[in-house]
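[1] pasted the sequence and its predicted model underneath.
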Amino acid sequence: MLSRLSALLQQAVETEEEPVQLLESFRGHWKGITNYYIVTTDENLPVKQTDIPWRLRQMVDILVYEEKQSESGETGPCMEYFLQHKILETLCTLAKAGYPPGMKQQVLVLVTKLLGQIQQPLLPHVNVHRPVQKLICLCGGDPASNTEKEEAQFLTTVCVKIKQDPYLINFFIEKKNFAESQRSLSCSSEKSEVEQQEADSTHASRLSLAAGASPSHTDQPVAGTSPKAKGTQVEKNLLHAVLTLTSSQEKRFALKACESLLLLVTLPEDVTAQYLVEGTALCRTLADRLADLYRLIPEATDPGQVELLGRVNWRSHSAAASDGADAESFPGRGDVVSFLSWLHYCDQLVGEAHKTTAAALAREIRTRFFHKVLEPQLLQVSEMGILSSTALLTGVLAHTTSPQLLDELVCFLLGDGRQAEVPVDSGRPTLRCQLIERCNHLSDEISMASLRFFEQLLQKSHEHIIYNLVLRNLSDRRYVTHNSGPEEAAADSELLDEAEELEDDPFFTDIYVGSRFPAADWLVAPATTQAAAKTNGKPEVNRIVHSFLCLVPDAVKTSHLVAGSGYDTYLVDAHRSFQGCCARAATWSRPQRPGAQERCRPVVDFYEGDFLRMLLDRMSQILHQPYDLNLQITSVISEVALFPHPQLDEYVLDPYVSLGPGCRSLFSVIVRVIGDLMQRIQRIPQFEAKLLLVRKQLMGLEPEDMVDHATMLKGVIVLEEFCKELAAISFVKYSPEPD
């Protein structure tokens, strides 16, 4: 009994003595640090050669241990001593003085451990967040500082704490400067109209570059990201420190800073977002850095290598650069990757940031990068410059996924027009017109690069793209004869008499007289389709599919002679692609069937628009163009044909739509191409054998040898395969319930 009582008394005494011992030990370590400054005589002795680092570690360990031992969660005597005696304030003053040398590094480590390991909230204490603010002002000052590692860890810890408790951001907002910026906001809005007029005149002068000398990436002044250039003093705060560290040459520290910035811009408070937009240079700095990185790309960079880079992830790029794995596989690769990596980061930042911050940053990128830097490059006239800028533009498009930034990019490229186009525009040539015209350029390389860009553009989930390029010209169905509206659906279901149609078409007059391949062998549809009718405004699927499969005459078909070249091979790809299109267009408003034509509409000739006109013009030259170019053209047309829209289905995929006078469709263009083909092959000896040989060469079944009329023969093969692809697309789109 006595032994148990003595054990309890001993435990109570130890429990009472332990906090006292911890406090005395904590005081002793702090006195040891202060005594150093009293007795030391060597001011140049590095801090690592003193006992200060050890004592600081002991103080942190004591505070952490004290908190773990406290069951009630109350502040212990050591923490009270730490806060009441403003120890952190004193340490930050010593860090600012840099005495002894290296003290800043040690204080950064101490504060990082305190904020990271102490569970109770410390930042709300005035004797904590004030010295932390002072310590933040010491970060990011010297790009070549040897404390970047500690600065990155310290800033990341602060941002993590703010993300956990967003209210803490109020301790780090310069409220005085923010209030001044808000008061000046009304004054700046009065000047916005004048500035906008000046910007428009500058924009017009940049467009004149299309007719002048081509600019280079480096002949323009680099936009300064420092507010000092504008006559204002740099505000050293949390955001400034993080932004400065994002440009660190040490990629792992820059990566930490980028992650910290992501934490700040995703804070949910509206006031915080407003402060970041109006009270800081955040958006301007990020956009200017993007423009600067673009300017650093050498003019001689190979556009083909740029396209082969694919998508760049900003996190993996930073890690690879830190490990030395980011090797220069071609000249300029590092600059291109750095630019695309920063673009990807900006895109993610816009996608995850508060909506106010995201919208402001997207606008700044459009103004400071798209218009000021990218547009002059795209409007130059040198062939190498066009190829380089188009390849980089395709990369920009591939790395833009956030809705706000994609909005700005699409409006920059295509404009905001949604009215039907007219054939002749008296206005100045726009960027949209230039990009479309280059798809039909004299240089096949430029045409290929431009078509690849539009293929990438059509794959973006943005309604304005397909509407601006295609649908706005089809919405009123001017391509259909006036008497073939929905109320005359029965008349549409009747098959036209192909013989009479050919007799009325001067193009086909007498071209089959004496021909080895009479028109009746390949133009007349099977008898089983004669009675096919439209259901719910859509043609019967078998009729459409059969029309495309029978469009190419059997005399010029070779796919049935080679295994694995059937029509069914396109069904899987068409099904998957159509599902992707439907997913992208799920939220878009579109009619379920073609709309009725206006009876009293003004007499205006149908114009398919610049984009469709270019595609149809290119398609009409398929027998005269290089094989790779033909593949790219058909790929773009397939992207257009896949979009789920009744007018698009009718104009592009319905062979039996009754076209108005002077109108053409994809089907009618292909019919004319085949008519030209049937004339030309009569003058080519052993046509069938040569065509089969070229197909086997393209499939790798035969060695590459010179063959007469190779361009035309490859065009025939592309045409046959394209018709099968259109048949597959039609089958998938016209099926009652596509999965």
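    Received, thanks.
[2] tell me which stretches of the stretch 201-350 of the chain form helices.
    With helices called from DSSP state H, counting those that start in this stretch, the stretch 201-350 of the chain shows them at 238-246, 251-265, 270-278, 282-295, 303-308, 314-323, 333-352.
[3] tell me where the stretch 1-150 of the chain has helices.
    Ranges of helices within the stretch 1-150 of the chain are 2-39, 52-69, 77-84, 87-97, 103-117, 126-137, 148-164, based on DSSP H, counting those that start in this stretch.
[4] what about the ones you listed, which gets the closest to Gln682?
    helix 148-164 (74.9 Å; Cβ to Cβ). Backbone N, C-alpha and C define where each C-beta goes, glycine included.
[5] flag the shaky bits of the stretch 1-150 of the chain, pLDDT-wise.
    Within the stretch 1-150 of the chain, the segments meeting pLDDT under 70 span 1-19, 143-144.
[6] if you set the cut-off to 90 instead, what comes out?
    Along the stretch 1-150 of the chain, segments meeting pLDDT under 90 span 1-21, 40-44, 69-75, 99, 140-146.
[7] rewinding a little: let me have the helices of the stretch 1-150 of the chain in JSON lines, adding distance to Asp676 as columns.
    Below are those laid out as JSON lines (distance: least, Cβ to Cβ, whole Å):
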{"stretch": "helix 2-39", "distance to Asp676": "92"}
{"stretch": "helix 52-69", "distance to Asp676": "84"}
{"stretch": "helix 77-84", "distance to Asp676": "89"}
{"stretch": "helix 87-97", "distance to Asp676": "81"}
{"stretch": "helix 103-117", "distance to Asp676": "75"}
{"stretch": "helix 126-137", "distance to Asp676": "73"}
{"stretch": "helix 148-164", "distance to Asp676": "66"}
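[8] coming back round to it: just the helices of the stretch 201-350 of the chain: most buried one?
    Comparing the helices of the stretch 201-350 of the chain on average neighbours per residue, with mean count of other Cβ atoms under 10 Å, the densest one is helix 238-246 at a mean of 24.
[9] what's that one packed up against?
    Counting contacts by 3 or more Cβ pairs under 8 Å, 6 or more residues apart in numbering; DSSP states H and E, helix 238-246 packs against helix 126-137, helix 148-164, helix 251-265, helix 282-295.
[10] with distance to Pro376 added, can I get those helices in CSV?
    As requested, the helices and strands packed on helix 238-246 are exported to CSV (distance: least, Cβ to Cβ, whole Å):
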stretch, distance to Pro376
helix 126-137, 39
helix 148-164, 36
helix 251-265, 29
helix 282-295, 11
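[11] which one of those lies nearest to Gly310?
    Per Cβ to Cβ, nearest to Gly310 of the helices and strands packed on helix 238-246: helix 282-295, 18.2 Å.
[12] quick one, that closest one and helix 270-278 angle?
    Our comparison of helix 282-295 with helix 270-278, counting by axes from the mean of the first three to the mean of the last three Cα atoms, to 10 degrees, yields an angle of 40 degrees.
[13] by contact count, what packs against helix 282-295?
    helix 238-246, helix 333-352, helix 355-365.
[14] if we can go back for a sec, in TSV: the helices of the stretch 1-150 of the chain, plus distance to Ile466 and mean neighbour count.
    What follows is the helices of the stretch 1-150 of the chain, written out as TSV (distance: least, Cβ to Cβ, whole Å; neighbours: other Cβ atoms under 10 Å):
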stretch	distance to Ile466	mean neighbour count
helix 2-39	69	12
helix 52-69	59	17
helix 77-84	62	17
helix 87-97	58	18
helix 103-117	50	21
helix 126-137	48	19
helix 148-164	39	21
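[15] what's the closest of these to Met712?
    With respect to Met712, and counting by Cβ to Cβ, the nearest of these is helix 148-164 at 62.6 Å.
[16] mind giving me the packing neighbours of the closest one?
    Counting contacts by 3+ Cβ pairs under 8 Å, 6+ apart, helix 148-164 packs against helix 103-117, helix 126-137, helix 238-246, helix 251-265.
[17] Ser594 and Pro646 touch, don't they?
    Quick fix: residue 594 reads Pro, not Ser. Yes. Here Pro594 reaches Pro646: they are 4.6 Å apart, a contact under Cβ atoms under 8 Å.
[18] what about the two, which has more around it?
    Neighbour totals were compared for Pro594 and Pro646, and Pro594 leads with 23 against 18 (other Cβ atoms under 10 Å).
[19] what is the burial count for Leu692?
    Neighbour count for Leu692, taken as other Cβ under 10 Å: 16.
[20] got the contact list for it?
    558, 561-562 (Cβ atoms under 8 Å, 6 or more residues apart in numbering).
[21] if I look at the nearest residue to Leu666 once chain neighbours are set aside, how far off is Ile118?
    In space, and not counting its chain neighbours, Leu666 is closest to Val652: 5.2 Å by Cβ to Cβ, 6 or more residues apart in numbering. Counting by Cβ to Cβ, to the nearest Å, the gap between Val652 and Ile118 amounts to 66 Å.
[22] so these two - more neighbours on which side?
    Between Val652 and Ile118, Val652 has the larger neighbour count (other Cβ under 10 Å), namely 25 against 16.
[23] doesn't the more buried one fall inside a helix?
    Yes. Counting by DSSP: H, G, I helix; E, B strand; the rest coil, Val652 is located in a helix.
[24] so how far is Gly76 from it?
    As judged by Cβ to Cβ, Val652 and Gly76 stand 76 Å apart.
[25] follow-up on the earlier one: please identify which of the contacts of Leu692 is nearest to Thr147.
    For these, the closest approach to Thr147 (Cβ to Cβ) belongs to Val562, at 67.9 Å.
[26] where in the stretch 251-400 of the chain is pLDDT low?
    Using pLDDT under 90, the flagged stretches of the stretch 251-400 of the chain are 279, 300, 309-310, 315-331.
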